[in-house]
Every structure is written in C-alpha cells, then in structure tokens.
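Peer 1: build me a structure from this.
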Amino acid sequence: MAKDDNYTIEDINRLSGEYLSDGDISFINRAYEFAKEAHKEQYRKSGEPYIIHPIQVAGILVDLEMDAETIAGGFLHDVVEDTNVTLEDLEEEFNHEVAMLVDGVTKLGKIKYKSKQDLQVENHRKMFVAMAKDIRVILIKLADRLHNMRTLKHLPPEKQRIKANETIEIFAPLAHRLGISTIKWELEDTALRYLNPQQYYRIVHLMKQKREEREYYIQEVIDELSKQLKEVNIEAEMSGRPKHLYSIYQKMVKQNKQFNEIYDLLAIRIIVDSIKDCYAALGIIHTNWKPMPGRFKDYIAMPKQNLYQSLHTTVIGPKGDPLEVQIRTKEMHEIAEYGIAAHWAYKEGKQLKSGNKTFEEKLTLFREILDWQSDTHDAEEFIESLKVDLFSDMVYVFTPKGDVIELPSGSVPLDFAYKIHTEIGNKTVGAKINGKMEPLDYKLKNGDIVEVMTSKHSYGPSQDWLKITQTSQAKSKIKQFFKKQRKEENILKGKEVVEKEIRALNINPKDVLTPENLQRVFERFNFTNEEDMYAAVGYQGITGALIATRLTEKIREAKQKEQDLEQSLSEVKSGVRDKKAHKRDSGVRVKGVDNLLVRLAKCCNPVPGDEIVGYITKGRGVSVHRSDCPNVQTEEARQRFLQVEWAIDQNGEKQYHVDLEVSAYDRRGLLNEVLQAVNEMKTNITHVNGRSDRNKIAIIQITILIHNTSHLRKVVERIKRIKDVYSVTRTLH
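Peer 2: All right, here's what the predicted structure looks like:
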C-alpha cells in the first residue's frame, strides 16, 4: 500500500477501468471535476494545490477496488467541511449515497465545544455512528488518514505528535479490526516515526545491517521447502514475510527485549491453492523442523472476527534459529491484506460469503454501535467503550455446544451471556467454567467452556453488574433493563438529583432549567425530552453532576469571566506586585503602561528575540509568555492579552534561563562532550540531568543562561555537531 509517487487522475481512471464499468468511471470523473472546482483556491501546508489530497484518497480507495460511490466520496470528502458546498448540493449533483458518505466523514468544525478534546471526541463519535450505518465511511476515513500520515512532515512537531498518537489509538486498531493489514502497518510505522523517531531510525538501521544475512537464510529455507512440496504435488508461492517496524518496537517494549532477541524477524509466507494443501504443507514443515511449543495457531479452523484466516507456526530452522511460518490460500491472503474491502458486497451487487457466515453477519459488531450510542449519552464514555470492544486484545471461549465466541480481553461470564442473548443475560444467576461453578466477575481465558445458569424467577440485573461487565453490549442491555423497569421512579429521582446538583453550584434551578438550556443538553447527550434526561440520571446512565454542569455552563462562565477580569485589571492598574519580583528587572515592558509587575513565565522561558505576549494573571501582575506557548492558546487566554515588548538591548549582558533536551546514542564520554561544547560557547550551566533507556538512547536535560535567541542558536548548533547527537530541542514545563 505504501506509495512513493502520487496518484494522478489518469492512474485512477486506468486502475478503476480494470474492474468498473464505463458509466462508473464517468461518475467518478464528475466527482473529480466537482472537487477540483470547489478546492481551486485552496492549498495544503506543503504548498501543493489542495486537490492533490482528494486525488490520493481516491487512489487509495481504487487500490482497495472500492465501488464508484466510495471513490466519488474520496474525491469529495472535504468539500462540505472546507468549502461553501452543502450536503444538499452533493445529493442534487450526485446521489443520496454519496452525500451520506461525505456527511459521515465530515468533521463537526462548525459546532462550538468547550475544548478541542471535546470536539475531537464528538468527531470520532459521529464517524463511528456513520460507519455503523455504512462501513464505507470508515474506508474513506482510513484512506484520508493514510495520505495525511504520508504528508505529516509538513505540519509543526506538536501537531505531528497529536496526529500520530490519534492514529495509533484509533485508526490503526480500526484498520486491524477491519482486517486491512496493508493500511494498518503503514499507519503504525509512520506514526512511530513521529512519536519515537530515535527508536524508529535505530530499528531501520539495525534491520539494514542484518538484511543480506537474513535474506540469504530465508532463500535457503524456501529452496528446501520448494523441493519437498513439489515431491507431493503442492503448488506454492513462497516469500520472506516483511516484518514491520512498529511490531518490532512493540515486542522490544512489551517483552523487554533487545533487537537481536526478536526471533520472528526470520519469517516466511506460503500461499497454496487449497485448505487441504495448507495442512499438508504444515505437516512437511513440522516433519523437517521441530515446532516450538505453544507457537502453533490455527486461524483457518477458528478465523478472527476481522475475517483473517491462516496457519501460524514457529519452528527451529535449519541453523537452529527460530523461524516463523504463515500458510494460507490465495483467497485468504487477499482477505488478510484488504480485509472487509476484499469482501465488499457492492463489487458484484450481491452478498459475498465467508464460510457459513454472510458478509453482513461479519459486520454485526459494527451494527451494535447504533444500539450503544443511543444508550451512552456522554461522547467520551462512548469512545472509551469502543476502545474496549473494537480495539482491545480478544479472548476466545466456547459454548457447551462448541461454538466459538469472541470477547474483549478481561470479559466476564455476564459479557458472554449478553453476547448470546439479552434475556439470557437478564436471567443469569451463575456460571460454570469448564464444568466448575465460578463467580460472575471471573475473568474469562482463551479456551474456557462457558455455561450460563439462568432462572425464570430471577429479579434481573443488579446495579453492580455495570461495574463488572466489560463490553458495551452488556452494559447497554443492563441499562435498558433498568430504564424500562423503573421509568417513573427514575424520572422523579433524577429530577431531584439534578436540582440538588444545580443548587450546590449556588444557582437557582429555575434560572437554568429553561427551554434553550435544556435543548442544548438534549442535543449534547442524545436525549429526546426532559423525561428521558431525568430517567437517565435516575438509572445512572449519566450523572446528575454532569447534567447540572452543562445546564449552568453559560451562567458560570459569564460570572467567572466577569469576576476574574475585573479583579485582574484592578490589580494591574494599581501596580500590585510582591517585593521580590519588584527587585528583578524582567527586561520586558507593557506598551503604554509603567510601573507594573512583569515576570517571565517559567513554562516557556522567553528570551530576547522570541515573539512574546503579556497575560494578565490573578494577583501576580503580567506574565510574559512566548507567543507559541501552549498555555496561552485558548480563546479565554487571548481575552487577557496585553501588548508587551522587549525593553532592553538584545545584545546586552542580562542572562535568561533556557531549558534544552539533548537526545543522542548513549556512549562513554557523551555527557562530558555536551558540557564541554556549552562551556566553549562561554555559556553558564545551572542544571544538568541525564538518563538512558535499555535501547541505548540517552536524554540529557540541561538548563543554561543565555542573552538572546542568537546566542541560543549558536549554542544549539554547537551541540548538534557532537557525534551521535540526534536532536536538540527547547523544552516547555
């Protein structure tokens, strides 16, 4: 899937022409022309015309052999968010299907939220709900994220880390869940490059060193196996299996291993014609080389929920080194690479089948998202639930009849019961695990045989079950039970709790329980009316404190801003300052005002030459920050800004503290060379701290006294010239 050269519209027409009709190609070309016109005045951070991005997204979708509507959605995915085009325009110009797909991937940028984090959580919630309605939404989103990661170098370092972290937490696991390994691996490897560049480049370097030796060994194994498979008339394609950087990094971290201890760097993949040949090839491998205990996995007999099928085994190879082998058919290989995209029903206008389950049945878990979101009123709780159900490691258990049930790791018998059927869960009174009675909070293990004990006379779930269950499905069903059973009681109880919480904030409930405020809460937490809201509080679907906080948000913010600004302006105008601060000259003055307490913020340590802003604080005068300091980027902070300027000669003798972090390969004498380099620049050091990790990466934190940014630049350049230094960065507290 990794592509060095950009797709062109000609590439897309040629590739889509291999499996789409002329009418479909004409349709996606109309989408391209529409997007090109809509984005014609826009440019990316790289300086390229914006249309380059939609073309690449559409190209990735063509590689997955998606249908015409999805490819059109790829071209158009940003027009509603970034231009004046509306969803109605798209529906009129194309069709309802395309408009729905674009709506699913459009961010909620025009809605105001308390913080960027709230907005991002809502974006994810919207995307997942749209995905549950049509899985193609997430395929467009994955293609969008993949191209953004390929061009991440054009963003500032802080945004690179945020995007990379979000990719590791949300998008790579989602690609894995959908079985699209080609996208998953590239997302993970690229994210690692920005989250931990030292380790990324170190692993790249180590892999290059051993590549020739590894390739020679793999070829020897392939030659030997080819000869033996031909003797029994098995046709097979064999190749060394590429090991991805992120998986190596994960093993080094989780298993506390060095690079040379990762034994499955030696790996081959065997692709044969039939399932019978898979097992025959396995027999030949185990006859030739001794299998390692506990390292055989049969994903053909027991496929993963993301459709993946293959045989995995690890043997002691011809030179005594562990060798990992994967064996699968051609169809299994296509599914392993492209997952749900390989099974896409729209390709031939019919349902495709995998084993005894239809394609639609494979997507059951995603359909359940619609149920969860209707019962989960807090977006953050919804996303956390998804992380458990979609992205966590899985455990495989059996019903008494031998059916395999897949659940998130950490699940208990109650999760199993609700997975089977809602009524079985509600009537559960106990559970037998492998024939032995176990408590309902028993953590299920791979291979457990689970038998649920039920009773017609059961009173139903208890509130404690919400604490011990792991899956969103189980929690949702338990909440539904309480919702139906005691609605009237819950409404009265909830109203009482909400009003009590409002009074605790020194606000009269009548002042905030207005139609406008209530409507805001209904939309935010997915309620239809006031009764639903109070009932949800009553059955603990949401806390009264959270409802009260949202209802009183505007009143509290208005009061607080008024009080804070009045107090701060009063203090600044009267020249409030402490004696110690008065004795120190910060070297900064407030434009148009004299005799104020002005101090340099310790979070970002500004120095002459930095762009700066003044911030009115409570009781401590004016705090001076670098203009790019994260602590003064909020809208609330900007309301407190004052114009400030450096009041001293930038070549003067006054010195300022600056914190630097030096990242380097750990070796003898490194710290001495860094200290010597700083001393050579006639620069004082006030603090030094160093550490080294198991991967020989040294981090040296050093505080120095400098005159201005020009002086700082010279010191940094001098340190960078030291052998084995990867980077020198100015740090924030």
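Peer 1: and the spatially closest residue to Ser411 that is not a sequence neighbour, what is it in contact with?
Peer 2: Spatially, and ignoring its direct neighbours in sequence, Ser411 is nearest to Gln470 (4.7 Å; CB to CB, 6 or more residues apart in numbering). (C-beta placed from N, C-alpha, C; glycine too.) Taking CB atoms under 8 Å, 6 or more residues apart in numbering, we find Gln470 in contact with 388, 407-408, 410-412, 415.
Peer 1: so how far is Ser409 from Gln470?
Peer 2: Per CB to CB, to the nearest Å, Gln470 is found 8 Å from Ser409.
Peer 1: name the nearest residue to Ile55, sequence neighbours excluded.
Peer 2: Among residues not flanking Ile55 along the chain, Tyr7 sits closest, at 5.8 Å (CB to CB, 6+ apart).
Peer 1: name the SS class of that neighbour, please.
Peer 2: On the three-state scheme (DSSP: H, G, I helix; E, B strand; the rest coil), Tyr7 is labelled coil.
Peer 1: now do it, the pLDDT please.
Peer 2: With respect to pLDDT, Tyr7 scores 89.
Peer 1: what number of residues lie near it?
Peer 2: 19 (other CB atoms under 10 Å).
Peer 1: the chain should start at 5 in everything you say after this.
Peer 2: Understood, numbering begins at 5; the last thing we discussed is Tyr11.
Peer 1: Ile29 contacts Leu19, doesn't it?
Peer 2: No: using CB atoms under 8 Å, Ile29 is not in contact with Leu19, being 10.3 Å away.
Peer 1: about what we covered before: farthest pair within the contacts of Gln474?
Peer 2: Val392 and Val416 (12.7 Å; CB to CB).
Peer 1: settle it for me: which of these two has more neighbours?
Peer 2: Val416 (23 against 16).
Peer 1: give me every residue that touches that one.
Peer 2: Here Val416 is in contact with 444-448, 472-474 (CB under 8 Å, 6+ apart).
Peer 1: check Glu677 too.
Peer 2: Glu677 makes contact with 726-727 under the criterion CB under 8 Å, 6+ apart.
Peer 1: any idea how far it is from Leu736?
Peer 2: 26 Å.
Peer 1: ditto for Arg630
Peer 2: Distance from Arg630 to Leu736, by CB to CB: 9 Å.
Peer 1: with Thr318 instead?
Peer 2: Using CB to CB, Thr318 is found at 45 Å from Leu736.
Peer 1: so between the two, which is more surrounded?
Peer 2: Thr318 (21 against 16).
Peer 1: need the next SSE after the helix or strand harbouring that one, C-terminal direction.
Peer 2: Under the criterion of DSSP states H and E, Thr318 resides in strand 315-320. Toward the C-terminus, strand 315-320 is succeeded by strand 326-333 as the next helix or strand (DSSP H and E).
Peer 1: tell me what that following strand is packed against?
Peer 2: Judged by 3 or more CB pairs under 8 Å, 6 or more residues apart in numbering; DSSP states H and E, strand 326-333 is in contact with strand 271-276, helix 279-292, strand 315-320.
Peer 1: quick one: mean pLDDT for it?
Peer 2: Here the average pLDDT along strand 326-333 is 90.
Peer 1: for it, buried residues please.
Peer 2: 326-333 (16 or more other CB atoms under 10 Å).
Peer 1: tell me how far Arg734 lies from Asp632.
Peer 2: Counting by CB to CB - Arg734 and Asp632 are separated by 10 Å.
Peer 1: now Ala271
Peer 2: 45 Å.
Peer 1: more neighbours: the two, which one.
Peer 2: Just comparing Ala271 and Asp632: by other CB under 10 Å the higher neighbour count belongs to Ala271, 20 against 14.
Peer 1: confirm for me that that one is in contact with Val329.
Peer 2: Yes: counting by CB under 8 Å, Val329 is a contact partner of Ala271 at 7.2 Å.
Peer 1: thinking again about what came up before, the contacts of Val416 in helices, which ones?
Peer 2: Judged by DSSP state H, these include Ile472 as members of helices.
Peer 1: in a markdown table: the contacts of Val416, plus distance to His661 and pLDDT.
Peer 2: Formatted as a markdown table, the contacts of Val416 follow (distance: CB to CB, whole Å; pLDDT from 0 to 100):
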| residue | distance to His661 | pLDDT |
| --- | --- | --- |
| Leu444 | 58 | 91 |
| Asp445 | 53 | 90 |
| Tyr446 | 56 | 93 |
| Lys447 | 51 | 92 |
| Leu448 | 55 | 92 |
| Ile472 | 51 | 91 |
| Thr473 | 52 | 91 |
| Gln474 | 48 | 85 |
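Peer 1: any chance of the contacts of Val416 in CSV, plus distance to Glu101?
Peer 2: CSV is the format used below for the contacts of Val416 (distance: CB to CB, whole Å):
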residue, distance to Glu101
Leu444, 45
Asp445, 45
Tyr446, 46
Lys447, 44
Leu448, 40
Ile472, 42
Thr473, 37
Gln474, 36
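Peer 1: which among the contacts of Val416 gets closest to Asp227?
Peer 2: Leu448 (44.5 Å).
Peer 1: ok so, going back, can you say which of the contacts of Val416 are buried?
Peer 2: Among the contacts of Val416, the ones that count as buried by 16+ other CB under 10 Å are 444, 446, 448, 472-474.
Peer 1: which stretches in the stretch 355-504 of the chain count as helices?
Peer 2: 363-366, 368-379, 383-390, 417-424, 426-430, 469-472, 476-489, 491-508 (DSSP state H, counting those that start in this stretch).
Peer 1: helices and strands of this protein: which one has the lowest mean pLDDT?
Peer 2: Scoring the helices and strands of the chain by mean pLDDT, DSSP states H and E places strand 357-358 at the bottom, with a mean of 35.
Peer 1: contacts only, for Glu410.
Peer 2: Contacts of Glu410 (CB under 8 Å, 6+ apart): 308-309, 398-400.
Peer 1: what do you get for Lys563?
Peer 2: Counted by CB under 8 Å, 6+ apart, Lys563 has zero contacts.
Peer 1: can you give me the mean pLDDT across the lengthiest helix in the chain?
Peer 2: The helix that spans the most residues within the chain, counting by DSSP H, is helix 201-235. Per-residue pLDDT over helix 201-235 has a mean of 83.
Peer 1: ok, then the element right after that helix?
Peer 2: strand 240-244.
Peer 1: what stretches of the stretch 505-654 of the chain score poorly on pLDDT?
Peer 2: 564-589, 596, 598-599, 623, 652-654 (pLDDT under 70).
Peer 1: do a quick rundown of the strands in it.
Peer 2: 592-594, 602-604, 616-620, 626-630, 645-646, 648-650 (DSSP state E, counting those that start in this stretch).
Peer 1: what's the most buried one of the ones you listed?
Peer 2: Per-stretch averages of neighbours, counted by mean count of other CB atoms under 10 Å, single out strand 626-630 among the strands of the stretch 505-654 of the chain, with a mean of 24.
Peer 1: just how off-centre is it within its chain?
Peer 2: Offset of strand 626-630 from its chain centre (CA atoms, centre = their mean, to the nearest Å): 33 Å.
Peer 1: also stretch 528-540?
Peer 2: With CA atoms, centre = their mean, you get 30 Å for stretch 528-540.
Peer 1: can I get it as PDB, trimmed to CA atoms?
Peer 2: What follows is stretch 528-540, C-alpha atoms only, in PDB (Å, rounded to 0.1, in the frame of the first residue of the first chain):
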ATOM      1  CA  ARG A 528     -25.300  17.200  23.600                       C
ATOM      2  CA  PHE A 529     -26.300  13.900  25.300                       C
ATOM      3  CA  ASN A 530     -28.700  12.500  22.700                       C
ATOM      4  CA  PHE A 531     -32.000  12.900  24.700                       C
ATOM      5  CA  THR A 532     -35.400  13.300  23.100                       C
ATOM      6  CA  ASN A 533     -37.100  15.200  26.000                       C
ATOM      7  CA  GLU A 534     -36.900  16.200  29.700                       C
ATOM      8  CA  GLU A 535     -38.300  12.900  31.000                       C
ATOM      9  CA  ASP A 536     -35.600  10.900  29.100                       C
ATOM     10  CA  MET A 537     -32.900  13.100  30.700                       C
ATOM     11  CA  TYR A 538     -34.200  12.700  34.300                       C
ATOM     12  CA  ALA A 539     -34.800   9.000  33.800                       C
ATOM     13  CA  ALA A 540     -31.200   8.500  32.600                       C
END
